[in-house]
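Novice: everything below, folded, please.
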Amino acid sequence: MKGALFARYSRSPKSVRRLFLDEFADTSSIGAAQEPLGSGDAGRSKAESLYDRVFTQYGDDSVAQLGGAHLAVEQASNILTKVLEWGRLASYLEQSTRYIFYDQTLGNRYRYHIPTEIEGHPIRTRYVAELDGLFDVYSQIVTKLVAYYEAMYPKAEDDSAFVWKSTIRAKACDDARGLLPAATTSNVGIFASGQAYEALLLRMAAHPLDEVRWTANLMLKELRTVIPSFMKRVDVPDRGGLWTKHFEDIRTSMTSQAASLDTKPGAPTTVDLVEWDPDGERKVAASALYPYVNMSERELRATVWDMSEAEIDDIFSAYVGTRTNRRHKPGRGMEQTFYRFDILCDYGIFRDLQRHRMLTIDWQALSPTNGFVTPEAVKDIGSEAQWTDAMETMADLYDDIASEFPSDVAQYVVPFAYKIRFSMNLNAREAFHMLELRTQQGGHPDYRAVCQEMHTQIREVAGHPRIADAMTFVDHNDYDLARLETERRAAAKRAALGVEEPSA
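Specialist: Residues are numbered from 1 along each chain as shown. Here you go, the predicted structure:
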């Protein structure tokens with residue numbers, strides 16, 4: 001009803017309150033102690049009628065931006081969670097691998113997805129046995145890592161048991177999570193508009209994996225209980241059906257195109273700045289001045305191009321200002337230059353960086369092809385051989401599944417420690433957000449290293465020192481127990497609010 005009200009609002013001279021009373025509210029019971037105004041069937045019927053007319057019949061997609069819903073998608077594999085989080089115009093919150101021990105079972109088995117594609121095939125038995133074995137190894141190693149870090153970092157006298165144990169747990173989980181397979185299940189909370197959900201469901205309907213398509217059907221059923229008018233086109237054959245087929249056709253065609261290429265593993269470079277704008281800083285300076293002058297874009301750029309380096313320095317200094325914390329972001333002038341990075345890192349780190357939606361990100365299929373990483377702490381506790389054996393076992397299982405089924409299905413068994421290649425194209429303003437956030441002391445050390453290197457290459461490879469220097473909250477330091485200060489600050493906030501400390 002709220003979405004319909006605002007859709008009508010765009011074509012009416014009335015205030016929103018007047019419009020509601022005149023066209024949507026059942027005013028017959030005003031003054032009586034009955035249902036809240038607007039909660040009756042009459043107003044809802046009018047809203048649905050408006051959507052049928054405007055959205056379904058006329059295809060005014062902006063109407064579908066005016067209402068949304070919260071949706072919880074539970075027990076989704078880590079392949080599915082990446083599909084769910086593809087869209088930019090939505091909000092997501094995913095269960096973390098840093099604060100939960102994944103050796104805890106759900107029902108009578110570990111938390112991982114078994115693809116329906118392998119049902120009835122002999123490899124299903126092996127799949128279950130070897131993933132159970134992988135989680136057994138995870139349980140053994142994470143237990144050793146907790147003891148290792150507890151001995152290395154004894155509890156400080158001023159820290160509560162909760163603060164200390166939370167920090168130790170995060171450290172151990174950071175190292176052990178490389179053993180988790182992509183089949184590991186997670187929960188994702190989503191808030192999105194009707195338009196965003198429609199786009200998501202159409203993409204999911206065209207996906208090659210059963211799990212993704214099956215989940216799309218469940219999501220559609222749930223969304224139709226709360227925002228039914230937004231969901232009417234999704235499975236209409238000549239609307240959503242045509243869109244889905246379009247996506248499927250493109251996937252088929254591009255797969256055929258790629259099949260003719262040499263797809264040997266690429267260079268092992270972790271972070272490679274492959275494209276940037278050499279004139280980026282002067283374009284930013286011109287864009288920063290644009291709202292404050294009365295000149296055309298061409299005139300302004302010509303003026304800025306004639307400026308000295310010192311004058312450009314002054315413009316940057318004025319535009320960035322004095323930033324007292326990382327949330328003080330620069331203006332949209334920083335969006336006038338960009339950086340395209342090719343990144344190769346383990347899948348666990350990719351999962352963290354993939355969440356940044358205000359950039360263009362694309363990734364290649366997950367496989368054992370690019371090798372895996374082994375944390376130093378795993379070597380220190382004497383578990384390197386056990387770790388390597390687990391990785392090689394999963395690589396063999398991947399090869400055998402891929403020989404019988406599409407490689408999309410085989411992705412489920414690949415552990416997070418294996419590397420994946422992906423590209424990131426981001427403007428300088430988004431680089432401020434991502435690099436300053438992901439290099440904070442409490443971040444995972446591996447994604448901190450990736451983002452520190454991205455920052456370095458913006459300065460040294462792109463030759464944009466002004467932009468790099470303006471990112472004053474990028475932290476290049478290393479920390480032994482990174483989460484400790486974060487947990488201490490959280491404990492101080494709880495104490496200030498009079499909130500009881502959780503049990504350890």
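
Novice: apart from its neighbours in sequence, what residue is nearest residue 451?
Specialist: Of all residues not flanking residue 451 in the chain, residue 438 sits nearest, at 4.3 Å (CB to CB, 6 or more residues apart in numbering). Heads up, the C-betas are built off the backbone N, CA and C, glycines and all.

Novice: where does the stretch 251-400 of the chain dip in pLDDT?
Specialist: Applying pLDDT under 70 to the stretch 251-400 of the chain flags residues 262-268.

Novice: ok so, going back, would you agree the residue nearest to residue 451 is in contact with residue 452?
Specialist: No - using CB atoms under 8 Å, residue 438 and residue 452 do not qualify as a contacting pair, with a distance of 9.0 Å.

Novice: neighbour count for these two, which is higher?
Specialist: residue 438 (23 against 19; other CB atoms under 10 Å).

Novice: and the more buried one, what is it in contact with?
Specialist: When contacts are counted by CB atoms under 8 Å, 6 or more residues apart in numbering, residue 438 touches 352-353, 447-448, 450-451.

Novice: mind listing which of those residues are in helices?
Specialist: With helices taken from DSSP state H, the overlap with those comprises 352-353, 447-448, 450-451.

Novice: please report which of these has the highest neighbour count.
Specialist: Neighbour max across the ones in helices among the contacts of residue 438 (other CB under 10 Å) = residue 451, 26 neighbours.

Novice: show me where the stretch 151-300 of the chain has its helices.
Specialist: 161-176, 194-205, 210-226, 242-259, 280-289, 297-305 (DSSP state H, counting those that start in this stretch).

Novice: nearest to residue 378, out of those helices?
Specialist: With CB to CB as the measure, helix 161-176 is the member of the helices of the stretch 151-300 of the chain nearest residue 378 (6.1 Å).

Novice: what segments of the protein are strands?
Specialist: 68-77, 90-94, 185-193, 271-276, 338-346, 360-363, 419-427 (DSSP state E).

Novice: can you tell which of the ones you listed is closest to residue 158?
Specialist: Nearest to residue 158, of all those, is strand 90-94, at 31.5 Å by CB to CB.

Novice: could you check how far residue 363 is from residue 82?
Specialist: Taking CB to CB, to the nearest Å as the measure, residue 363 falls 8 Å from residue 82.

Novice: what residue lies at the spatial centre of the protein?
Specialist: Of all residues in the chain, the one closest to the mean position by CA atoms, centre = their mean is residue 355, 1.9 Å from it.

Novice: ok, that residue - contacts?
Specialist: The contact partners of residue 355, by CB under 8 Å, 6+ apart, come to 85, 92, 94.

Novice: list just the nearest of these to residue 279.
Specialist: Among the contacts of residue 355, and counting by CB to CB, the member closest to residue 279 is residue 85, at 33.8 Å.

Novice: figure out the length between the terminal residues of stretch 177-196.
Specialist: In stretch 177-196, first residue to last residue: 31 Å (CA to CA, to the nearest Å).

Novice: give me the buried positions along that stretch.
Specialist: By neighbour count on 16 or more other CB atoms under 10 Å, the buried set for stretch 177-196 is 177-186, 188, 190, 192-196.

Novice: again with stretch 435-445
Specialist: For stretch 435-445, the neighbour count (16+ other CB under 10 Å) marks 435-436, 438-440, 442-444 as buried.

Novice: show me these that map onto helices.
Specialist: Among the buried residues of stretch 435-445, the ones falling in helices (DSSP H) are 435-436, 438.

Novice: of the residues you listed, closest to residue 125?
Specialist: Among these, residue 438 lies closest to residue 125 (CB to CB), at 40.8 Å.

Novice: possible to save the ones in helices among the buried residues of stretch 435-445 as JSON lines with pLDDT?
Specialist: Converted to JSON lines, these look like this (pLDDT from 0 to 100):
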{"residue": "435", "pLDDT": "96"}
{"residue": "436", "pLDDT": "96"}
{"residue": "438", "pLDDT": "94"}
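
Novice: could you export the residues you listed as a markdown table, including distance to residue 213?
Specialist: Rendered in a markdown table, the data for these read as follows (distance: CB to CB, whole Å):
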| residue | distance to residue 213 |
| --- | --- |
| 435 | 36 |
| 436 | 38 |
| 438 | 33 |
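
Novice: closest one to residue 248 out of those, please.
Specialist: Nearest to residue 248 among those, with distances taken as CB to CB, is residue 438, at 34.9 Å.

Novice: next one: that closest one from residue 355, what distance?
Specialist: As judged by CB to CB, residue 438 and residue 355 stand 10 Å apart.

Novice: same question, residue 219
Specialist: Separation of residue 219 from residue 355 (CB to CB) stands at 20 Å.

Novice: what do you get for residue 15?
Specialist: Residue 15 is 39 Å from residue 355, by CB to CB.

Novice: then residue 380?
Specialist: 30 Å.

Novice: can you pull out the helices in the stretch 401-504 of the chain?
Specialist: Remark: helices assigned in the stretch 401-504 of the chain by DSSP H, counting those that start in this stretch are 407-410, 428-438, 445-460, 465-470, 484-497.

Novice: for the shortest one, which residues meet the burial criterion?
Specialist: For helix 407-410, the neighbour count (16+ other CB under 10 Å) marks 408-410 as buried.

Novice: that older thread, quick one: which of the contacts of residue 355 is nearest residue 278?
Specialist: Distances from residue 278 to those, taken by CB to CB, are shortest for residue 85, at 33.4 Å.

Novice: so what pLDDT did the closest one get?
Specialist: Residue 85 is assigned 93 on the pLDDT scale.

Novice: could you list the low-pLDDT ranges of the stretch 401-504 of the chain?
Specialist: Ranges of the stretch 401-504 of the chain meeting pLDDT under 70: 481-499, 501, 503-504.

Novice: just the buried residues of helix 407-410 now: which is nearest residue 73?
Specialist: Nearest to residue 73 among these, with distances taken as CB to CB, is residue 408, at 19.1 Å.

Novice: surely the closest one meets residue 209?
Specialist: Yes - judged on CB under 8 Å, residue 408 makes contact with residue 209 at a distance of 5.5 Å.

Novice: how about stretch 381-396: buried residues?
Specialist: 381, 383, 386-387, 390-391, 393-395.

Novice: about what we covered before: looking at the buried residues of helix 407-410, which is nearest residue 103?
Specialist: Nearest member of those to residue 103, counting by CB to CB, is residue 410, at 24.0 Å.

Novice: you'd agree that closest one is up against residue 367?
Specialist: Yes - between residue 410 and residue 367 there is a contact under CB under 8 Å: 7.4 Å.

Novice: what touches both of the two?
Specialist: Joint contacts of residue 410 and residue 367 (CB under 8 Å, 6+ apart) are residue 398.

Novice: can you redo the contacts of residue 438 as JSON lines with distance to residue 276?
Specialist: JSON lines is the format used below for the contacts of residue 438 (distance: CB to CB, whole Å):
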{"residue": "352", "distance to residue 276": "24"}
{"residue": "353", "distance to residue 276": "19"}
{"residue": "447", "distance to residue 276": "21"}
{"residue": "448", "distance to residue 276": "22"}
{"residue": "450", "distance to residue 276": "17"}
{"residue": "451", "distance to residue 276": "17"}
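
Novice: between which two of these is the distance greatest?
Specialist: Spatial extent of these (CB to CB) is set by the pair 353 and 448 at 11.0 Å.

Novice: burial of residue 259, as a residue count?
Specialist: If we define neighbours as other CB under 10 Å, then residue 259 has 8 of them.

Novice: mind checking how far the closest residue to residue 138 other than its chain neighbours is from residue 139?
Specialist: Using CB to CB, 6+ apart and skipping the chain neighbours, the partner closest in space to residue 138 is residue 179 (4.3 Å). From residue 179 over to residue 139 the distance is 9 Å, taken as CB to CB.
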